[in-house]
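Participant: Take this sequence and fold it.
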Amino acid sequence: DRLKVTAPAAVQLLELCAWLAPEPIPLDLFTGHCDLLPEPLAASAGDPVVFGDTVGALVDYSLARRTGDSLVIHRLVQDVTRGRRVGQPAEPDLLNSVLSLLRSDLPAVVWATPESWPRWRALLPSVLAATGHNAGTVEGLTTARLLSGAGTYLESQGRYARALPLHQQAQRIDESILGPDDPLVASDLNGVGATLFSLGRAAEALPIHQRALGIDEAALGLDDPAVATDLNYVGRTLSDLGRVGESLPLQERALGIDEAALGLDHRAVATDLNYVGETLSDLGRA
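Facilitator: Next comes the predicted model:
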């Protein structure tokens, strides 16, 4: 209550941090995205000296602890801070702001991009905390993208069992908002199927990938690169199930789509060529 008078930006910072994890929160999550912050916190975050005073106000009242370039808020302080906002009109806006901050900050391309992993590692606890507070009614599509990105990051680290429910939750959210036939739902389905495949559950993955293929063919046309991706998922899963003869024409079709749409020297074409080559080898045509 005192800080609302003497340092209102500090109160706003605390209220945003209350929706994140009790693990260290990088301060550049705020200073790097001033345009997404409410005033007066936005003006404070734009001035290193003023922002240092803002953080210091929380530390002085033992509401936070600063560790280098990060801020740590005890989970009990977070719970009390959120509880003070329950029932007030501004509550959803705080969570919206946190979700938007995380989505804007975290790299969108995660798979096979190791340079993105340190940031995901630092903010993964906060992504799980913020999306866990969201029942799906607040910024649902943003929540789904964060869950999907977190699932992909966990896959990249070999943590498939932890990734699976995140991909499944993202798919449920997107399907409830966009309907069952949206290409974004197809992308989510491929995330679910690929994780099941990595867990050795190819028989469960196959109908999921086949559904994604059907969605994209209907929504995007037969010659879209997204369809080629779907075909490779289906083909790879068929091969794993011992149905290699069914896999080859799908992967050859994917190769033809990508060559026509992306050119002969695109990296996706290289991936397609490898799938076709592996399948030919499996058929004894080395």
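
Participant: Quick check, residue 238 in contact with residue 246.
Facilitator: Yes - contact between residue 238 and residue 246 holds when scored by C-beta atoms under 8 Å: they sit 5.0 Å apart. C-beta: built from backbone N, CA, C; applies to glycine.

Participant: ok, these two, which is more surrounded?
Facilitator: residue 238 (22 against 14; other C-beta atoms under 10 Å).

Participant: Next secondary structure after the helix or strand harbouring that one?
Facilitator: Per DSSP states H and E, residue 238 falls inside helix 225-240. Counting by DSSP H and E, the next helix or strand C-terminal to helix 225-240 is helix 244-262.

Participant: counting contacts, what elements does that next one pack onto?
Facilitator: Secondary-structure packing of helix 244-262 (3 or more C-beta pairs under 8 Å, 6 or more residues apart in numbering; DSSP states H and E): helix 225-240, helix 267-282.

Participant: what is the rounded mean pLDDT of the first one?
Facilitator: Per-region confidence: helix 225-240 scores 97 on mean pLDDT.

Participant: From the chain's centroid, how far away is it?
Facilitator: How far helix 225-240 lies from its chain's middle: 22 Å, per C-alpha atoms, centre = their mean, to the nearest Å.

Participant: what angle separates it from helix 244-262?
Facilitator: Taking axes from the mean of the first three to the mean of the last three C-alpha atoms, to 10 degrees, one finds helix 225-240 and helix 244-262 inclined to each other by 160 degrees.

Participant: Could you list the buried residues of stretch 38-51?
Facilitator: If you call a residue buried by 16 or more other C-beta atoms under 10 Å, then stretch 38-51 has these buried ones: 40-42, 44-45, 51.

Participant: which other residues reach stretch 207-215?
Facilitator: 180-183, 185-187, 189-190, 192-193, 196, 227, 230-231, 233-234, 237 (C-beta atoms under 8 Å, 6 or more residues apart in numbering).

Participant: repeat for stretch 187-194
Facilitator: Stretch 187-194 has contacts (C-beta under 8 Å, 6+ apart) with 144, 148, 151-152, 155, 164, 167-168, 170-171, 174-175, 205-206, 208-209, 211-212, 215, 226, 229-230, 233, 237.

Participant: Quick check: mean pLDDT of it?
Facilitator: pLDDT averaged over stretch 187-194 gives 97.

Participant: that older thread, show me what the helix holding residue 238 is packed against.
Facilitator: Using 3+ C-beta pairs under 8 Å, 6+ apart, helix 225-240 sits against helix 183-198, helix 202-220, helix 244-262, helix 267-282.

Participant: Give me whichever of those helices is most buried.
Facilitator: Across the helices and strands packed on helix 225-240, averaging neighbours per residue (mean count of other C-beta atoms under 10 Å) puts helix 183-198 on top, at a mean of 24.

Participant: Show me how far it is from its chain's centre.
Facilitator: Put simply, helix 183-198 sits 13 Å off its chain's centre (C-alpha atoms, centre = their mean).

Participant: sorry, back to before: of the buried residues of stretch 38-51, just say which sits nearest to residue 15.
Facilitator: Closest approach between the buried residues of stretch 38-51 and residue 15, by C-beta to C-beta: residue 41, at 9.3 Å.

Participant: List the buried residues for the lowest-mean-pLDDT helix or strand in the chain?
Facilitator: Ranked by mean pLDDT, DSSP states H and E, the helix or strand of the chain with the weakest confidence is helix 91-105, at a mean of 86. Residues of helix 91-105 classed as buried: 91, 94-103, 105 (neighbour count, 16+ other C-beta under 10 Å).

Participant: follow-up on the earlier one: how about CSV for the helices and strands packed on helix 225-240, with distance to residue 13 added?
Facilitator: Shown next, in CSV, are the helices and strands packed on helix 225-240 (distance: least, C-beta to C-beta, whole Å):
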stretch, distance to residue 13
helix 183-198, 33
helix 202-220, 41
helix 244-262, 45
helix 267-282, 42
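
Participant: can you pull the contacts of residue 125?
Facilitator: Counted by C-beta under 8 Å, 6+ apart, residue 125 has contacts 21-23.

Participant: Please enumerate the strands of the stretch 51-200 of the chain.
Facilitator: When secondary structure is read from DSSP state E, counting those that start in this stretch, the stretch 51-200 of the chain shows strands at 65-67, 70-72.

Participant: Now distance to residue 267 and mean neighbour count too, for those, in a markdown table please.
Facilitator: Output for those, formatted as a markdown table (distance: least, C-beta to C-beta, whole Å; neighbours: other C-beta atoms under 10 Å):
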| stretch | distance to residue 267 | mean neighbour count |
| --- | --- | --- |
| strand 65-67 | 40 | 12 |
| strand 70-72 | 36 | 17 |
